[in-house]
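1. Could you look at this predicted model? Sequence included:
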Amino acid sequence: MAAISTRSVVLKALEKSVRHLPVPGVKADEWARRKADYADELIEQVARPEAQLYLDFALAKGDVESVTRERAIWHVRRLSGFGGSDMGVLFTNYQGGVTPFADVLHDRAVIAQKLLIELPTPAAGEDGAEDRHQMIRGNVFEGPIEQAFLRGHREFGLRPDTEGRERLRAWHAERAAAAPETLAMPWLQGSPDGLYLDRFGKRWLVDFKAPSDESGVRAHMSEIPQFYEGQLLHYALILREAGIPADHVALAPFSWSRMRVERCSLAVTDEKLALIERIGDHYYYDHLLRLELPKPRFSNTLVRLEEMDEKLAQRLRKLVATRKSKRWAEGIEETLGALIEQDLQRAGIDPLSVEGTVDLGIMRGARRQYRSIDTVLLKHRAHEAGVDVADESLYRTSEKFVLSTPRSKNSPHLDAIAGLGERAERAGEDLLMDLEEDGFEL
């Protein structure tokens, strides 16, 4: 299908999704131009190189043009309501919380996108390799992570809730065909990742996550972040409205080190669902339909102290000096490490091939292996029907020579190590004392 066909399809979808617009006072020709510009920019943004990684994965569905069109229309349909990620932001900000990446993820930005003031950010991320790699992980590993979750929860006899999924599709189709003013919660959009029935016929709602590191899994397991709680409650509300309420709701982050999917359950109450409904109504009726942005959470106004307390000034100077010293020390540490490796090579010891531990007196050295995901390989294998997260070929291993001080109480070098540490601490304390004696300026 030609590009112009994609444009016309997107414009048609756009017309339907933004019928609550334009802003009063905007002339018809200006509004038509704004919609056309929006469609052009959105198509270009979805098809740009950063988003191409998603297209590579999705090509099994069709050619680049059809996938580009599908992604653009997906963004357009979101303009008329709030999806799970939208609600995660609104839920957090409404209660005074701060979202991850709060500079770009906030309620004002969500409403600005719905009013065509800002262009929605594609799933691929605006820039930066890590954004793209996170997107790859989410798309490529979605199926394997789901399978790993089901294998890890065999005792519950979980199976896909096919009937529930069909009822959910019918519910969405019904709402799409109805006039928004006839619907309860016309803003309610979205579809959960996993919908299952257990051996007792209880319905499970599961949202999968693939954090980039183990700390993300631990954070989700200890307590579900407010941002994700809002998403889960949003999906639970959808299921209730569709007549298929969930009996068990859980966040399921994948642990790369354990190669398994963890589970953190969320207690869903009528009060919590009522809060989601109240938040959605607030932002939809008080902001979206009134064409008003929420007040900025952060102001560009520079607030200055009329008078600087000396203790505060000292602490600020110490903090700046400490951070600068840390960066300086990290640079010296890296340089010394490289020089020590060269010294060892001249002494006939190859740091990256040595077996066992090298005894260097006050320090010891050993070869360590680190494993990471080969994202380049993932990109090339994105079309494969099934990617096994346990497939070792998906990972690359790097080696590093690590130097550390002995920790054994029997080490004869403990006194020398402690003495060097004390000298370093005294040097740092001398610096802080000097800063206390220095003057300061507002």
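-> Cool, the structure landed.
2. give me the element Ile332 is part of.
-> helix 310-346 (DSSP states H and E).
3. Rounded mean pLDDT for whichever helix or strand comes after that helix, please.
-> With elements assigned by DSSP H and E, the helix or strand that comes after helix 310-346 is strand 357-359. What strand 357-359 shows for mean pLDDT is 88.
4. now stretch 229-240
-> Confidence over stretch 229-240 (mean pLDDT, whole number) is 96.
5. From the rest of the structure, what touches it?
-> For stretch 229-240, the surrounding residues in contact (Cβ atoms under 8 Å, 6 or more residues apart in numbering) are 82-85, 87-92, 164, 168, 185, 188, 190-192, 195, 203, 205, 207, 224, 245-246, 249-251, 266, 268, 272-273, 275-277. To be clear about C-beta, it is placed using only N, CA and C from the backbone, and glycine gets the same treatment.
6. List only buried entries from these.
-> For the contacts of stretch 229-240, a burial check counting by 16 or more other Cβ atoms under 10 Å picks out 82-85, 87-92, 164, 168, 185, 188, 190, 192, 195, 203, 205, 207, 224, 246, 249-251, 266, 268, 272-273, 275-277.
7. Which ones among those map onto strands?
-> Among the buried ones among the contacts of stretch 229-240, the members falling in strands (DSSP state E) are Leu195, Arg203, Leu205, Asp207, Val249, Ala250, Leu251, Leu266.
8. Out of the residues you listed, the closest to Thr397 would be?
-> Set against Thr397, the nearest of those by Cβ to Cβ is Leu251 (30.2 Å).
9. Who does the closest one form a beta bridge with?
-> Asp207, Cys264 (DSSP bridges).
10. For it, give its distance to Asp359.
-> 47 Å (Cβ to Cβ, to the nearest Å).
11. And Phe156, its phi and psi?
-> With angles defined as degrees, to the nearest 10, Phe156 sits at phi -90, psi -10.
12. neighbours around it, how many?
-> 16 (other Cβ atoms under 10 Å).
13. picking that back up, in helices only, show me the buried ones among the contacts of stretch 229-240.
-> Mapping the buried ones among the contacts of stretch 229-240 onto helices (DSSP state H) picks out 84-85, 87-92, 164, 168, 272-273, 275-277.
14. of the residues you listed, the lowest pLDDT goes to which?
-> Ser85 (88).
15. about what we covered before: from the ones in strands among the buried ones among the contacts of stretch 229-240, pick the one nearest Arg426.
-> When those are compared for distance to Arg426 (Cβ to Cβ), Leu251 wins out at 48.0 Å.
16. Please name the residues that touch that closest one.
-> Residues near Leu251 by Cβ under 8 Å, 6+ apart: Val206, Asp207, Lys209, His220, Ile224, Tyr228, Leu232, Arg263, Cys264, Leu266.
17. next one: Glu142
-> For Glu142, the contacting residues are Asp193, Phe208, by Cβ under 8 Å, 6+ apart.
18. ok, now how distant is it from Ala210?
-> 8 Å.
19. mind listing what's buried in stretch 95-111?
-> Per 16+ other Cβ under 10 Å, stretch 95-111 contains these buried residues: Thr99, Leu105, His106, Asp107, Arg108, Ala109, Val110, Ile111.
20. Which of those residues scores worst on pLDDT?
-> Lowest pLDDT among the buried residues of stretch 95-111: Leu105, 74.
21. and the gap between Val402 and Pro160?
-> From Val402 over to Pro160 (counting by Cβ to Cβ), the distance is 46 Å.
22. next one: Cys264
-> With Cβ to Cβ as the criterion, Cys264 and Pro160 are 21 Å apart.
23. neighbour count winner among these two?
-> Cys264 (18 against 13).
24. Run a quick check on that one versus Ile224, I expect a contact.
-> Yes - counting by Cβ atoms under 8 Å, Cys264 touches Ile224, with 5.5 Å between them.
25. Show the average pLDDT along the helix or strand encompassing Gly419.
-> Taking DSSP H and E as the criterion, Gly419 maps to helix 414-437. Here helix 414-437 scores 82 as its mean pLDDT.
26. cool, stretch 328-335 as well?
-> 87.
27. my read is Leu11 is in a helix, agree?
-> Yes - secondary structure of Leu11 (DSSP: H, G, I helix; E, B strand; the rest coil): part of a helix.
28. Give me the number of neighbouring residues for Met433.
-> 10.
29. Now do the domain split for this structure, please.
-> 129-303, 310-437 (automatic domain parsing).
30. just these: most buried one?
-> Ranked by mean neighbour count, those are led by domain 129-303 with a mean of 17 (mean count of other Cβ atoms under 10 Å).
31. re the thing from before, I'd like the domains of the chain as TSV, with distance to Tyr38 appended.
-> Putting these into TSV (distance: least, Cβ to Cβ, whole Å) gives the following:
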stretch	distance to Tyr38
domain 129-303	16
domain 310-437	29
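32. worst average pLDDT in the ones you listed?
-> Among the domains of the chain, domain 310-437 scores lowest, at a mean of 80.
33. Just give me the closest of the ones in helices among the buried ones among the contacts of stretch 229-240 to Arg315.
-> So of these, ranked by how close each gets to Arg315 (Cβ to Cβ), first place is Thr92, at 30.6 Å.
34. Let me know whether that closest one touches Pro100 as I believe.
-> No - under the criterion of Cβ under 8 Å, Thr92 is not in contact with Pro100, lying 9.2 Å apart.
35. any residues in contact with both of those two?
-> With Cβ under 8 Å, 6+ apart, Thr92 and Pro100 have common neighbours Phe227.
36. From the contact counts, what lies against the helix holding Ile332?
-> strand 395-404, helix 414-437 (3 or more Cβ pairs under 8 Å, 6 or more residues apart in numbering; DSSP states H and E).
37. Give me the angle between it and strand 395-404.
-> For helix 310-346 against strand 395-404, the angle by axes from the mean of the first three to the mean of the last three Cα atoms, to 10 degrees is 100 degrees.
38. and Ile349, what does it touch?
-> Ile349 neighbours (Cβ under 8 Å, 6+ apart): Val358.
39. Next, give phi and psi for it.
-> In terms of degrees, to the nearest 10, the main-chain angles of Ile349 are phi -120, psi 120.
40. State the distance from it to Thr397.
-> Distance from Ile349 to Thr397, by Cβ to Cβ: 22 Å.
41. Also Pro160?
-> Counting by Cβ to Cβ - Pro160 and Thr397 are separated by 36 Å.
42. swap in Leu432?
-> Computed as Cβ to Cβ, the Leu432 to Thr397 distance reads 43 Å.
43. do Gln147 as well
-> 25 Å.
44. what do you get for Tyr370?
-> 7 Å.
45. what's the answer for Ala418, then?
-> Applying Cβ to Cβ, the value for Ala418 to Thr397 is 36 Å.
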